[in-house]
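1. structure, please.
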Amino acid sequence: MARLTKKQKEAVEKIDKTKLYSVEEASQLIKDITNVKFDASIDLAVRLGVDPKKANQMVRGVVTLPHGTGKDVKVLALVTPDKEDEAKAAGADYVGLDEYLDKIKGGWTDVDVIITMPSVMGKLGPLGRVLGPRGLMPNPKTGTVTMDVAKAVGDVKAGKIDFKVDKTGIVHASIGKASFSADKIAGNAQELLTTLMKLKPTSSKGTYMRSVFISSTMSPSVAIDPKFS
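-> A predicted model of the protein is given here:
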C-alpha cells in the first residue's frame, strides 16, 4: 500500500473491523482512505449464500448504475452493414463484422464489451475460447445480443454493467471511481445490492447476502451491513 498521509492514517484507524457500516458511511470512509495518484476504481465484493455449481442457484444479471461507472467503456459492435450507422451514432468505438472476427481470431480483445445481433451469434461460437475466459462473449440475458443495437450501446456507455457469481459464491463489481462523491458511490452500491436481492434464487436457503465489502484499488476493505436496506 502507498505511504499514507497523517490524515489518511487517521482514516484507516477509523475503520472499526468489528463494525458493519451503512452504505453511506462505508462510501465516505473509502473516499477518505484512498491514497493513490490515479483515479482508483471502487469495487464491491458480495458473498452470497448460493451454490454456483447448481444451475438453479447461478446469480447473474445486469444493472444500470445511476451515476455511471466513471470508466470510458470501449464497445465493439459486431453487426451487419445495415446496422453499422446505428451503432456508430450510438457511440460504439469499433463497428464492423468479418474484419473484427479475424482480429479476435488473432487474439485481439482490446475492448470492454461486445454487442452483436442474433443473426451473427453463429459466427461468434468458434471464438468462445478467446472471448469466454475474458468475459466478452455476448449474451441475450445481459442485453448484448439484440436487434436494438443503438439502445444496447447507449446503455453500456451510460453505466450498465453485467455481473455473475463466481465459483466461490462471490459477486465482484466495479461501481465507480474514487473521484466520485460519497453520495454517488453510495447510490451505485445501493443499486447493485438492491438488484442482487431481487435475484435471490428460490432454492437458496439460509442467509442469502452473507457479507458485503467495499474497497478501492490498494485500500483496505470496509464491511457493509448485509441488511443494508
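
2. in three-state terms, label residue 133 for me.
-> helix (DSSP: H, G, I helix; E, B strand; the rest coil).

3. mind listing what it touches?
-> Residue 133 makes contact with no residue, according to CB atoms under 8 Å, 6 or more residues apart in numbering. Glycine gets a C-beta too; all of them are placed from N, C-alpha and C.

4. what does the top helix by length along the chain contact?
-> In the chain, with assignment by DSSP state H, the single longest helix is helix 182-198. For helix 182-198, the surrounding residues in contact (CB under 8 Å, 6+ apart) are 23-24, 26-28, 30-31, 42, 44, 46, 48, 59, 61, 63-67, 163, 171, 173, 175-176, 180, 208-209, 212, 214, 224, 228-229.

5. packing partners for the helix or strand just after it?
-> Downstream of helix 182-198, the next assigned helix or strand under DSSP states H and E is strand 209-216. In terms of contacts (3 or more CB pairs under 8 Å, 6 or more residues apart in numbering; DSSP states H and E), strand 209-216 is packed against helix 23-33, strand 41-48, helix 182-198, strand 222-224.

6. pLDDT at residue 213, what is it?
-> Residue 213 is assigned a predicted lDDT (pLDDT) of 96.

7. check the one 5 residues further on too.
-> Predicted confidence (pLDDT) at residue 218: the value is 75.

8. please apply the same query to the one 3 residues further on.
-> You'll see residue 221 listed with a pLDDT of 91.

9. need the contact list for the spatially closest residue to residue 19 that is not a sequence neighbour.
-> Residue nearest to residue 19 in three dimensions, not counting chain neighbours: residue 223, with 7.2 Å by CB to CB, 6 or more residues apart in numbering. Applying CB under 8 Å, 6+ apart, one finds that residue 223 lies in contact with 17, 19-21, 26, 211-213.

10. which residues does residue 223 bridge with?
-> Beta bridges link residue 223 to residue 213, judged by DSSP bridges.

11. quickly note the distance from it to residue 194.
-> Per CB to CB, to the nearest Å, residue 223 is found 18 Å from residue 194.

12. repeat for residue 126
-> Counting by CB to CB, the gap from residue 126 to residue 194 is 38 Å.

13. next one: residue 118
-> From residue 118 to residue 194 the distance is 30 Å (CB to CB).

14. show the pLDDT at residue 79.
-> 97.

15. same deal with residue 11?
-> Confidence score, pLDDT, at residue 11: 69.

16. do residue 165 as well
-> 93.

17. mind listing what the residue nearest to it when sequence neighbours are not counted touches?
-> Nearest residue to residue 165 in three dimensions, chain neighbours excluded: residue 59, at 4.4 Å (CB to CB, 6+ apart). Under the criterion of CB under 8 Å, 6+ apart, the neighbours of residue 59 are 48, 50, 52, 164-165, 171, 196, 199-201.
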